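> 3D model of this:
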Amino acid sequence: MGAVAIAGADDFRQVYLREDSMLPISAQSLVEDEAEEPAPAVWLVGAHGGAGATTLAHVLAPMGDAGCRWPAGEENPYCAVVCRSTAEGLERAHQAALQARAGKAGDIVLLGIIIVDDAPGRTPKALERKISVISEHFRIWRIPYLEGIRVAATDELAVWEPGYTPPETGRRFAGKKTPPVTDAPAAAFVDTAESLFASALEAYELAESGH
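From the prediction side, this is the model:
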């Protein structure tokens with residue numbers, strides 16, 4: 001099994017990219033030739049099957065679903081890796097991020113990693129430690145476990161778009177203080193979307209300035 005040492009790891013914790021864990025790079029554009037929609041602002045890359053990239057790409061309208069591969073030659077090269085908060089999911093996301101940092105993911109710009117909680121309640125300490133290690137080198141966004149996502153079809157979920165305005169404060173939905181995810185995107189989706197969109201814009205402006 002080949003491994004590549006990654007610059008930036010401290011003296012106490014060697015970090016290696018396992019070459020047999022690298023995600024493939026798309027052989028062609030992921031945007032259809034006759035697509036009427038604008039090109040995705042950010043591509044969501046699944047670190048593994050069932051990571052949640054497809055669901056997030058639907059809920060976060062300006063984002064695109066890249067599947068478990070890196071986009072190539074796209075108008076917007078900005079990417080975020082998506083994973084579940086399991087030991088395997090975190091390791092695969094870490095490896096994907098290391099692949100990008102090592103320059104082995106094509107022409108993409110990695111913004112960070114979106115971790116989707118796989119269960120309600122507290123994350124086990126061992127997994128929190130792993131997340132802490134990853135966060136030392138890559139930006140992290142967290143999506144909590146949302147029960148409503150389990151019982152709704154993806155195309156029924158409410159969508160966030162730039163300029164989104166949340167429902168009026170204090171308004172009640174069927175006896176609940178917060179609306180169901182089919183009526184309005186969950187606050188965690190909104191916070192992640194706004195931060196991710198801002199990160200992509202910042203990266204674009206930085207590239208345009210020549211820095």
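> show me the shaky parts of this protein.
Residue ranges of the chain with pLDDT under 70: 1-15, 34-35, 169-177, 211.
> only alpha carbons, please: show stretch 20-31 as PDB.
Coordinates of each C-alpha in stretch 20-31 appear next as PDB, following Å, rounded to 0.1, in the frame of the first residue of the first chain:
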ATOM      1  CA  ASP A  20      -5.400   3.300  -2.500                       C
ATOM      2  CA  SER A  21      -7.900   5.500  -0.800                       C
ATOM      3  CA  MET A  22      -7.900   8.400  -3.200                       C
ATOM      4  CA  LEU A  23     -11.100   9.500  -4.900                       C
ATOM      5  CA  PRO A  24     -11.100   9.400  -8.700                       C
ATOM      6  CA  ILE A  25     -11.200  12.500 -10.800                       C
ATOM      7  CA  SER A  26     -14.100  12.900 -13.200                       C
ATOM      8  CA  ALA A  27     -13.100  12.200 -16.900                       C
ATOM      9  CA  GLN A  28     -15.600  14.800 -18.100                       C
ATOM     10  CA  SER A  29     -17.700  17.800 -17.000                       C
ATOM     11  CA  LEU A  30     -20.400  17.000 -14.500                       C
ATOM     12  CA  VAL A  31     -22.600  19.800 -16.000                       C
END
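> need the residues that contact the longest helix belonging to the chain.
What stands out as the longest helix in the chain, according to DSSP state H, is helix 187-208. With contact meaning CB atoms under 8 Å, 6 or more residues apart in numbering, helix 187-208 is reached by 41-42, 56, 59-60, 62-63, 76, 78, 80, 109, 111-112, 114, 139, 141-144, 146, 160, 162, 164, 166, 178, 185. C-beta here means a position set from N, CA and C on the backbone, and glycine is covered the same way.
> of those, select the buried ones using a ChimeraX command.
Applying 16 or more other CB atoms under 10 Å to the contacts of helix 187-208, the buried members can be selected in ChimeraX as follows:
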select :41,42,56,59,60,62,63,76,78,80,109,111,112,114,139,141,142,143,146,160,185
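> next, the buried residues of the longest helix of the chain.
Neighbour count says helix 187-208 has 188, 189, 190, 192, 193, 196, 197, 199, 200, 203 buried, by 16+ other CB under 10 Å.
> same question, stretch 152-162
So stretch 152-162, judged by 16+ other CB under 10 Å, has buried residues 152, 157, 158, 160.
> partners of the last one in the sheet?
According to DSSP bridges, the residues that bridge with residue 160 are residue 60.
> wait, it sits on residue 60?
Yes: look at residue 160 against residue 60 with CB atoms under 8 Å: they come within range, at 5.5 Å.
> now do the helices in this protein.
Here the chain has its helices, by DSSP H, at 53-59, 87-101, 125-135, 147-151, 187-208.
> how far out from the middle of the chain is the shortest one?
By that I understand helix 147-151. Centroid displacement of helix 147-151 relative to its chain, using CA atoms, centre = their mean, to the nearest Å, is 19 Å.
> buried set for that helix?
Buried, per 16+ other CB under 10 Å, within helix 147-151: residue 149.
> touching it from outside, list them.
By CB under 8 Å, 6+ apart, the list of residues contacting helix 147-151 reads 55, 120, 157, 180, 181, 182, 186.
> which one is the fifth one nearest to, not counting chain neighbours?
Going back to what we said before, that points to residue 181. Leaving aside its sequence neighbours, residue 181 sits nearest to residue 148 (CB to CB, 6 or more residues apart in numbering; 4.0 Å).
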